[in-house]
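**Q** Sequence plus predicted model, see below.
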Amino acid sequence: MALVDKTSIDEVGFRMSEATAGDFFALLKPRVMSLVVFTAFVGLVAAPVTINPLLAVIAILAIAIGAGASGALNMWYDADIDAVMTRTASRPIPSGRIQPHEALSFGLVLSVLSVMTLGVLVNWLAATLLAFTIFFYAVVYTMWLKRSTPQNIVIGGAAGAIPPVIGWAAATGSVSLESIILFLIIFLWTPPHFWALALFKSEDYGRAGIPMMPNVAGHASTRRQIFAYALVLAPVGVLPWLLGYTTPFYGVAALLLGVGFVWYAWKVLGMADDDRAMKPAKALFAYSLLYLFAIFAAYLADCVVERALAMGGA
Ligand code: HEM
Ligand SMILES: CC(C)=CCC/C(C)=C/CC/C(C)=C/COP(=O)(O)OP(=O)(O)O
């Protein structure tokens, strides 16, 4: 009903909504994508090449627009399930503020624009990686895996892990082991990040019929898998230091952050089956966001300081 009330027919016969710029901005999933773009920025700065600052700004803008575009395509395809989940019901499409065809066109236009801009002005390796990431999130994860397997976010999470590799490729025109380790950190982080949330939102996913891990394997199994991923993530977070890419500053920061991650995951592992408040799962979800931001911020600080010291000593 809201859908009909809020729409009018334009000259070409399409239903046009009375959407605001803010509604279109919401389609870009700005809060999630801000952290995605930050990891791409760190990949770009960590690369051992000084990229022209204007090209760096263009690259980051293109990646941000591409990431947002993939969010819009995800919201277009998922409008049916978003409508039945309390967390997502007020998004622009299910609430009728934006018409599905508007979101689809918006997502497609921005996808092409971001990939072409990156390719023409920066380089085609970075552009190809961006195109692949958009495709992987919007098509492989959203249209296929999300509704078909509880491993959806393990495999689909690869899309969210590629941005530092895109940033690195934008600066260097190549992919390196160092950028692949940054990929690995996000890849291993994604399951505990998401399953912590899925534990306390499992009723939402159940109602929408989405086979998220807690709904398929049960809460106890999901808690064990979260803990297992945390145990692997913590040492992988320290790898960049062990491999000599960073100073001990990053190494110590990553170690402490990793110990914190295992601690929060341990609390989740020990949750009672009838724990309705799910405070440990909520705490792990919040900590996961702090962890990823802080470990990439430490990486950034490490390379900026190291470079400044090297220049001072030169
Ligand atoms: C397949 C992989 C992922 C899944 C399924 C996932 C899922 C989610 C979900 C469902 C939320 C809640 C969003 C909301 O309340 O609307 C969320 C929040 C968040 N995610 Fe993820 N996520 C994934 C990967 C990532 C990645 C790679 C990043 C960043 C590098 C990220 C950053 C965030 C941030 C910053 C939030 C908090 C947003 C807010 O406060 O509204 N996520 N994630
Ligand atoms: C550069 C580029 C293209 C980056 C894309 C990065 C990417 C794949 C991020 C995924 C993050 C995300 C919002 C997952 C939500 O899953 P969901 O869609 O199941 O969550 P929802 O229920 O909130 O819609």
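**A** Cool, got the structure. Ligands and ions are numbered 1, 2, ... in the order given.
**Q** C-alpha only now, for contacts and for neighbours.
**A** Noted.
**Q** near ligand 1, which residues of the stretch 151-300 of the chain show up?
**A** Selection of the stretch 151-300 of the chain residues close to ligand 1 by C-alpha under 6 Å from any ligand atom yields 153, 156-157, 160-161, 190, 194, 289.
**Q** where along the stretch 151-300 of the chain do the helices fall?
**A** Here the stretch 151-300 of the chain has its helices, by DSSP state H, counting those that start in this stretch, at 152-161, 163-172, 177-200, 202-208, 213-216, 219-242, 248-269, 279-313.
**Q** Including mean pLDDT, could those go into TSV?
**A** Formatted as TSV, the helices of the stretch 151-300 of the chain follow (pLDDT from 0 to 100):
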stretch	mean pLDDT
helix 152-161	96
helix 163-172	98
helix 177-200	97
helix 202-208	93
helix 213-216	95
helix 219-242	98
helix 248-269	98
helix 279-313	94
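**Q** Surely Gly156 and Met143 touch.
**A** No. Using C-alpha atoms under 8 Å, Gly156 is not in contact with Met143, being 10.7 Å away.
**Q** Next, the contact list for Thr88, please.
**A** Asp82 (C-alpha atoms under 8 Å, 6 or more residues apart in numbering).
**Q** returning to that earlier point: just the buried ones from the residues of the stretch 151-300 of the chain next to ligand 1, in PyMOL syntax?
**A** The following PyMOL line selects those of those that are buried, judged by 16 or more other C-alpha atoms under 10 Å:
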select buried, resi 153+156+157+160+161+190+194
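**Q** out of the residues of the stretch 151-300 of the chain next to ligand 1, which touch ligand 2?
**A** Gly160.
**Q** Pull the residues that contact the helix or strand encompassing Gly68.
**A** Using DSSP states H and E, Gly68 sits in helix 53-77. Helix 53-77 is contacted by residues 27-30, 33-34, 36-37, 40-41, 44, 82, 93, 100-101, 103-104, 106-108, 110-111, 114-115, 117-118, 121-122, 130, 134-135, 137-138, 142-143, 163, 167, 170-171 when judged by C-alpha under 8 Å, 6+ apart.
**Q** Let's see that with 7 Å instead.
**A** Residues outside helix 53-77 that contact it (C-alpha atoms under 7 Å, 6 or more residues apart in numbering): 27-30, 33, 37, 41, 100, 103-104, 107-108, 110-111, 114, 117-118, 122, 134, 137-138, 142, 170.
**Q** Show me which parts of that helix are buried, residue by residue.
**A** Judged by neighbour count (16+ other C-alpha under 10 Å), helix 53-77 contains these buried residues: 56, 58-77.
**Q** Leu239 and Ser288, how far apart?
**A** 19 Å (C-alpha to C-alpha, to the nearest Å).
**Q** Who has more neighbours out of those two?
**A** Counted by other C-alpha atoms under 10 Å, Leu239 and Ser288 do not tie: Ser288 has more neighbours, with 23 against 20.
**Q** Just list the residues touching that one, thanks.
**A** Applying C-alpha under 7 Å, 6+ apart, we find Ser288 in contact with His193.
**Q** Same question for the one 3 residues further on.
**A** Applying C-alpha under 7 Å, 6+ apart, we find Tyr291 in contact with Leu257.
**Q** do that again at 8 Å, thanks
**A** Applying C-alpha under 8 Å, 6+ apart, the residues near Tyr291 are 257-258, 261.
**Q** Flag every residue of the stretch 1-150 of the chain that's near ligand 1.
**A** Counting by C-alpha under 6 Å from any ligand atom, the stretch 1-150 of the chain comes close to ligand 1 at 31-32, 35-36.
**Q** roughly how far apart are the residue of the stretch 201-314 of the chain found nearest ligand 2 and ligand 1?
**A** With C-alpha to the nearest ligand atom, the shortest gap between the stretch 201-314 of the chain and ligand 2 falls at Tyr205, namely 8.7 Å. Between Tyr205 and ligand 1 the distance is 10 Å, computed by C-alpha to the nearest ligand atom, to the nearest Å.
**Q** isn't that residue right next to Met212, touching?
**A** Yes. Using C-alpha under 8 Å, Tyr205 makes contact with Met212 at a distance of 6.8 Å.
**Q** what residues do those two have in common as contacts?
**A** Counting by C-alpha under 8 Å, 6+ apart, the residues touching both Tyr205 and Met212 are Ala198.
**Q** These two: who's more crowded?
**A** Met212 (26 against 21).
**Q** ok, that one - contacts?
**A** The contact partners of Met212, taken as C-alpha under 8 Å, 6+ apart, are 146, 149-152, 198, 202, 205.
**Q** Between those residues, identify the one with the most neighbours.
**A** Counting neighbours by other C-alpha under 10 Å, the top entry in those is Ala198, with 23 neighbours.
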